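> Give me the fold of what follows.
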Amino acid sequence: MTGTTPADLLALPGTPLADEIVDLLRPVETPSVFNHSIRTYLFARLAAAHLALAADRDYNDDLLFAACTMHDLGVASDGPHRQRFEVEGADRAAQFLTDRGVPAADADQVWQAIALHTSSGIAERRGALCVLVRTGVALDFGGPLAGADIDALTDEHADAIHTAYPRLDMARALTDAIVAHAAKHPNNAPRYTLPGELLREREDYGQTRLENACRTSRWGN
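Okay, the predicted model is just below:
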């Protein structure tokens, strides 16, 4: 990917569906979470080449954009907040897509990629879309979660993406949103799930291991 131009690197799909997704997310996500969602897509697309996955052959780029950008829709300010955020976001995303004529099978791929994006060892075995969404999320955290896939990103690529979509204290802002969602209803924070553990770590220690790890990650917070 060393030959990628800045315009290519930062290009969003530009389709009507992608535009509608951006219009959905901007009013209901904090700027930090919104930027994280876009970076997840941009990083996932770079990782696809690193993993020898090609658009139109191994995955659909519109579906990748949908799954990456809506993966945190469960913590949006206008949601029902009655299920763990991964499932709530997956439900909302799938409904949004089917309402716009996306085939049910494609919407279900997006559902799986969003619902499983915090499920290490499971997402990686559920197809290219699940792999790329989880990889994009992990790359944006920049630390041990990313593993060897972080080699997919040069400093030049990362700097361009971060300039266009700044981090804005992402780890803390996203953790704040997940913890606030988790605290609203018992169904939102089952024991040993990511939201459940983040809520308990915040309650017990005032901060989470995830936030601490991000402080020393490649990108910082």
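> residue ranges of the strands in this structure, please?
Counting by DSSP state E, the chain forms no strands at all.
> by contact count, what packs against the helix or strand of the chain with the lowest mean pLDDT?
Lowest by mean pLDDT, DSSP states H and E among the helices and strands of the chain is helix 209-215, with a mean of 80. Where contact means 3 or more C-beta pairs under 8 Å, 6 or more residues apart in numbering; DSSP states H and E, helix 209-215 is packed against helix 128-141, helix 170-182. (C-beta placed from N, C-alpha, C; glycine too.)
> Most tightly packed of the ones you listed?
Using mean count of other C-beta atoms under 10 Å, the stretch among those with the largest mean neighbour count is helix 128-141, at a mean of 26.
> what's that helix packed up against?
Looks like helix 128-141 contacts helix 31-50, helix 61-69, helix 104-115, helix 209-215 (3+ C-beta pairs under 8 Å, 6+ apart).
> Would you reformat those helices as JSON lines and include distance to D8?
Formatted as JSON lines, these follow (distance: least, C-beta to C-beta, whole Å):
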{"stretch": "helix 31-50", "distance to D8": "10"}
{"stretch": "helix 61-69", "distance to D8": "13"}
{"stretch": "helix 104-115", "distance to D8": "23"}
{"stretch": "helix 209-215", "distance to D8": "28"}
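> So which of those is the most surrounded?
Among the helices and strands packed on helix 128-141, helix 61-69 has the highest mean neighbour count (mean count of other C-beta under 10 Å), at a mean of 25.
> Alright, I will stop here.
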